[in-house]
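[1] Sequence first, then the predicted structure:
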Amino acid sequence: MEKSKILVVEDEAPIQELLQFNLERQKYRIQLADSGEQALEVVGTYMPDLILLDIMLPGADGLEVCKQIKANPKTARIPVIMLTALSEEADIVTGLELGADDYVTKPFSPRVLLARVKAALRRGATKFSNDDDFVSIHGIDIDSARHKVTVNEEEITLTSTEFKVLRLMASQPGRVFTRYQIVDAVHGEDYPVTDRSVDVQIVGLRKKLGEAGRFVETVRGIGYRFKETE
């Protein structure tokens, strides 16, 4: 089966070469871009399966590139993984709010990077939809049609909000969601609720899930994700 196409947007030659080397070893097909403007020119014609996008770029930075990619219906579904410095926590949150799917901090482990790439490609192939009726993961079964959740075949009772939060994250395991993304997905944009209320919902959700509550992970300073593997 033909390997996925990946657009690498990185202006530092040593990092670009490292990314290309490790990705091509896994037989991915690689296209390179040195700037945000070049990335925007390439993405519409190359139509990659995934984009690795550095935040600090000459000209249009990674956040602006991500914003334009996600605003274009033709490219909006392409997964974007941001490459960031450890000190860029605020930019990570902004990028996720703009629609980025994940992030990797520099310096990065090639093994971690490849794992994130594989996970993002897998999620991209089964993108979450509000029409999804059934999700099953880690012994948790979520039946949207019946508004029913069972953990190891034992039914638990969730509020409407807890149910929506669980379904959102469990449908895209491994993806990091900011608090505002969770609020928007559950209640709709401009809903008059603080992002910290999400923390309260997560605490209640974990408690009701019991042992399975450990799969709802906190990503410090960013938000939450549903653990991908046991």
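    Perfect, I can see it now.
[2] Now do the residue positioned nearest the centre of the chain, the pLDDT please.
    The residue lying closest to the centre of the chain (Cα atoms, centre = their mean) is Asp101, at 2.7 Å. On the pLDDT scale, Asp101 is placed at 88.
[3] now Asp61
    Looking at Asp61, its pLDDT stands at 93.
[4] thinking it is in contact with Lys67, fair?
    No. Under the criterion of Cβ atoms under 8 Å, Asp61 is not in contact with Lys67, lying 9.9 Å apart. Where you see a C-beta, it was placed from the backbone N, CA and C, and this is true even at glycine.
[5] show me the residues around the most far-flung residue of the chain relative to its centre that make contact.
    Distance from the C-alpha centroid of the chain, by Cα atoms, centre = their mean, peaks at Glu154 (29.5 Å). When the contact criterion is Cβ atoms under 8 Å, 6 or more residues apart in numbering, Glu154 has no partners at all.
[6] rewinding a little: separation between the residue nearest to the centre of the chain and Glu217?
    From Asp101 over to Glu217 the distance is 16 Å, taken as Cβ to Cβ, to the nearest Å.
[7] How many residues are close by the residue nearest to Asn22 when sequence neighbours are not counted?
    Nearest residue to Asn22, sequence neighbours excluded (Cβ to Cβ, 6 or more residues apart in numbering): Pro110, at 4.5 Å. By other Cβ atoms under 10 Å, the residues close to Pro110 number 14.
[8] circling back: gap between the residue lying closest to the residue nearest to the centre of the chain once chain neighbours are set aside and Arg111?
    With sequence-adjacent residues excluded and distances taken as Cβ to Cβ, 6+ apart, Asp101 is closest to Pro79, at 4.4 Å. Applying Cβ to Cβ, the value for Pro79 to Arg111 is 19 Å.
[9] Neighbour count for those two, which is higher?
    Remark: of Pro79 and Arg111, Pro79 carries more neighbours, 26 against 9, as counted by other Cβ under 10 Å.
[10] phi, psi of that one?
    Backbone torsions of Pro79, given as degrees, to the nearest 10, read phi -60, psi 140.
[11] Would you mind listing the buried residues in the helix or strand of the chain with the lowest mean pLDDT?
    Sorting the helices and strands of the chain by mean pLDDT, DSSP states H and E puts helix 179-187 at the bottom, at a mean of 81. Across helix 179-187, burial judged by 16 or more other Cβ atoms under 10 Å covers 179-183, 185-186.
[12] So what angle separates the directions of whichever helix or strand comes after it and helix 179-187?
    Sequence-wise, the next helix or strand downstream of helix 179-187 (DSSP states H and E) is helix 196-209. Counting by axes from the mean of the first three to the mean of the last three Cα atoms, to 10 degrees, helix 196-209 lies at 70 degrees to helix 179-187.
[13] Any idea how far helix 196-209 is from the middle of the chain?
    20 Å (Cα atoms, centre = their mean, to the nearest Å).
[14] in it, what counts as buried?
    For helix 196-209, by 16+ other Cβ under 10 Å, it's 198, 201-202, 204-206, 208-209.
[15] still on that earlier bit, which of the buried residues of helix 179-187 lies closest to Met47?
    Gln181 (25.1 Å; Cβ to Cβ).
[16] Would you mind confirming that that closest one makes contact with Gly95?
    No. Using Cβ under 8 Å, Gln181 makes no contact with Gly95, being 11.3 Å away.
[17] ok so, going back, for the buried residues of helix 179-187, give me TSV that also has distance to Met56.
    As requested, the buried residues of helix 179-187 are exported to TSV (distance: Cβ to Cβ, whole Å):
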residue	distance to Met56
Arg179	25
Tyr180	23
Gln181	23
Ile182	27
Val183	29
Ala185	29
Val186	33
